[in-house]
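Novice: The sequence isn't on hand, but the structure is:
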Ligand SMILES: O=C(O)/C=C/C(=O)CC(=O)CC(=O)O
Ligand SMILES: [Ca+2]
Ligand SMILES: [Mg+2]
């Protein structure tokens, strides 16, 4: 197994088998594209300008990396992604390149990480059966937990692309209309039931044509990579507004993503058969694979949940096929999120709504305090790891956010 000449600490999320892409800047310099390796960022604009990146489409290489977003590279397609990944692996494993490449490494602690791509459209699915059943029981106790359509199609809604923010961006507590079932009328004010949703996001590189669906088996021709998502959710605003059109202001105030986009090729060893689907879905939804990602949610440093992505009912390829089956086109930069990742166990639930069961079972933190929803000043971090090639685990880093008081 090849290994890198860069000093990578044991347990790092970013061994040579990962090589996720991001956008970073050093103090006083413009943002550019980089790759994470151990505790360093490799400056791809610098490496490319030095003539070290031998990609197929050489003329375009500089435009891909000397810029503040991954979009141009993402649009270049799977052949370019694979060739670049192979060349980066060569540069970072063959010690003959060490002297020329080392000057393009910067400690990650010295850089600022930015939103890695310009988000085009944003869709959020609802593909964990455990989550959907939990939320159904809490929001609609008098009905079947799963709606009649749930096992026939991956339910989703269109979110707000412009408020997708990079990890680390403070989250201002939203204000809005709230009305609990017993209240005589709605009131306006800061959300009292601010929550998280731990999700996995899929980033589209190659666009599709209007009118032409993208079938399940074309998933890898369009999707560039994978990020972690925190779909911040104001449950009181949501519960009052969502009938009958679905989530709106309760979720559109901010959605955080992790700064490193893990390429699909880094997740080869994480591919798994998803849970059996019964009833069998319609033909356009057949096929697709799951991913064995282990998520971890920390609230003010305490691990409060470990959701397993392997338990998701609908796969990312099925989600993509569904979201384009009507002929809706994809754009470079589209983001679609899995929906909250919840497993069958209590310790695997992906939101506080579920973990504290709508307030009935407060979550205990290591400092002795308890939470049913988020308080001002709380910090939430979601991380994940996956099996990598060669038996080495790879990771996604984290998506983190701290709650700031409402501005009124
Ligand atoms: O069942 C509902 O009414 C609402 C569910 C959600 O809030 C979930 C959502 O945003 C989709 C997901 O993350 O699974
Ligand atoms: Ca969500
Ligand atoms: Mg959101």
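Specialist: Great, that's in hand. Computed from a predicted structure; not experimentally measured. Ligands and ions are numbered 1, 2, ... in the order given.
Novice: Quick one: residues contacting the closest residue to residue 233 other than its chain neighbours.
Specialist: Leaving aside its sequence neighbours, residue 233 sits nearest to residue 195 (CB to CB, 6 or more residues apart in numbering; 4.6 Å). For every residue, glycine as well, the C-beta is placed using N, CA and C. Residue 195 is in contact with 232, 233, 234, 235, 351, 352, 353, 373, 374, counting by CB atoms under 8 Å, 6 or more residues apart in numbering.
Novice: gap between the residue of the stretch 151-300 of the chain at minimum distance from ligand 3 and residue 199?
Specialist: Relative to ligand 3, the nearest point of the stretch 151-300 of the chain is residue 255 (3.5 Å; CB to the ion). Separation of residue 255 from residue 199 (CB to CB, to the nearest Å) stands at 9 Å.
Novice: Name the next helix or strand downstream of the helix or strand of the chain with the lowest mean pLDDT, please.
Specialist: Every helix and strand of the chain was ranked by mean pLDDT, DSSP states H and E. The lowest is helix 61-65, at a mean of 82. Remark: after helix 61-65, the chain's next helix or strand is helix 71-75, criterion DSSP states H and E.
Novice: what helices or strands is that next one leaning on?
Specialist: Using 3 or more CB pairs under 8 Å, 6 or more residues apart in numbering; DSSP states H and E as the contact test, the elements touching helix 71-75 are helix 61-65, helix 78-93.
Novice: and these as TSV, adding distance to residue 209 and mean neighbour count?
Specialist: Listed next are these as TSV, based on distance: least, CB to CB, whole Å; neighbours: other CB atoms under 10 Å:
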stretch	distance to residue 209	mean neighbour count
helix 61-65	23	20
helix 78-93	18	18
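Novice: what's the closest of those to residue 38?
Specialist: Closest to residue 38 of the helices and strands packed on helix 71-75 is helix 78-93 (CB to CB; 9.7 Å).
Novice: So what touches the closest one?
Specialist: By CB under 8 Å, 6+ apart, helix 78-93 touches 2-6, 16, 19, 35, 37, 42, 47, 52-57, 73, 97, 101, 205-206, 220-221, 224, 263, 265-266.
Novice: now it, how far from the centre of its chain.
Specialist: Averaging C-alpha positions (CA atoms, centre = their mean, to the nearest Å) puts helix 78-93 23 Å from its chain's average.
Novice: tell me the mean pLDDT for it?
Specialist: Mean pLDDT, helix 78-93: 96.
Novice: Now the element after that helix, going C-ward?
Specialist: Per DSSP H and E, the helix or strand that comes after helix 78-93 is helix 98-102.
Novice: The contacts of helix 78-93, buried ones only, as a PyMOL selection?
Specialist: Per 16 or more other CB atoms under 10 Å, the buried members of the contacts of helix 78-93 correspond to this PyMOL selection:
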select buried, resi 4+5+6+16+19+35+37+42+47+52+53+55+73+101+205+206+224+263+265+266
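Novice: give me the subset of the contacts of helix 78-93 touching ligand 1.
Specialist: Near ligand 1, taking CB under 6 Å from any ligand atom as the test, no member of the contacts of helix 78-93 is found.
Novice: if we can go back for a sec, report pLDDT for the residue nearest to residue 233.
Specialist: 98.
Novice: Report the separation between it and residue 359.
Specialist: 11 Å.
Novice: related to what we said a few turns ago, my read is that the residue of the stretch 151-300 of the chain closest to ligand 3 contacts residue 231, right?
Specialist: Yes. Assessed by CB atoms under 8 Å, residue 255 is found in contact with residue 231 at 5.3 Å.
Novice: Now the common contact residues for those two.
Specialist: Counting by CB under 8 Å, 6+ apart, the residues touching both residue 255 and residue 231 are 124, 159, 337.
Novice: which SS state does the first one fall under?
Specialist: Same thing as residue 124. strand (DSSP: H, G, I helix; E, B strand; the rest coil).
Novice: where along the stretch 151-300 of the chain do the strands fall?
Specialist: Remark: strands assigned in the stretch 151-300 of the chain by DSSP state E, counting those that start in this stretch are 156-158, 164-166, 171-172, 175-178, 187-190, 194-195, 198-204, 223-230, 233-234, 255-257, 262-263, 271-272, 290-291, 294-299.
Novice: Could you dump the ones you listed into CSV and include distance to residue 280?
Specialist: Formatted as CSV, these follow (distance: least, CB to CB, whole Å):
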stretch, distance to residue 280
strand 156-158, 20
strand 164-166, 34
strand 171-172, 41
strand 175-178, 41
strand 187-190, 46
strand 194-195, 34
strand 198-204, 24
strand 223-230, 24
strand 233-234, 32
strand 255-257, 33
strand 262-263, 31
strand 271-272, 19
strand 290-291, 17
strand 294-299, 28
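Novice: returning to what we had before: what residues do residue 195 and residue 359 have in common as contacts?
Specialist: Residues touching both residue 195 and residue 359 (CB under 8 Å, 6+ apart) are residue 373.
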